[in-house]
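In: here are the coordinates; sequence isn't available:
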């Protein structure tokens, strides 16, 4: 059930990211509280793995600041929340899947002239795809 809720939340955030190029703070706060409550209630991952997953998200937040939102803050907060929900290993599998989907998509858009070198792409659809890949393959 939690996996269906997560896919639904990621899909909603993906739509918002594609249409508005941002994710509402309320959605992120709700997802963050949900991830914390989920871990407190069901303890699906070891505490250290959850902290490490949150640490990966914290690194992405730092990258967002350093790159002046080359990686958006909303994307980084989403990664932090997913780290809390999934733990570090599943999060790293998800990110591997997301970047594996992002690379060919970006290359195709660039080669067809539909985007320039500095064009930004919404990342939540790729996070959603990465999550689905983790569920289907068991990577992580």
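Out: Looks like it came in fine. What you see is a predicted model, and the numbers here were worked out from it, not measured in a lab. Numbering: from 1, shown residues only.
In: Which stretches in the protein count as helices?
Out: 2-20, 25-42, 47-66, 73-86, 88-111, 124-137 (DSSP state H).
In: Most tightly packed of those?
Out: Highest mean neighbour count among the helices of the chain (mean count of other C-beta atoms under 10 Å): helix 73-86, with a mean of 24. From N, CA and C alone the C-beta is placed, and that goes for glycine too.
In: For that helix, which outside residues touch it?
Out: 6, 13, 17, 22-23, 28, 31-32, 34-36, 38-39, 45, 50, 52-58, 60-61, 63-64, 91, 94-95, 123-124, 127, 131, 134, 140 (C-beta atoms under 8 Å, 6 or more residues apart in numbering).
In: what's the answer for stretch 61-72, then?
Out: Contacts of stretch 61-72 (C-beta under 8 Å, 6+ apart): 22, 60, 73, 75-77, 80, 120, 123.
In: What is the lowest-pLDDT residue among these?
Out: Across the set of these, residue 120 stands lowest in pLDDT, at 85.
In: Thanks a lot, see you next time.
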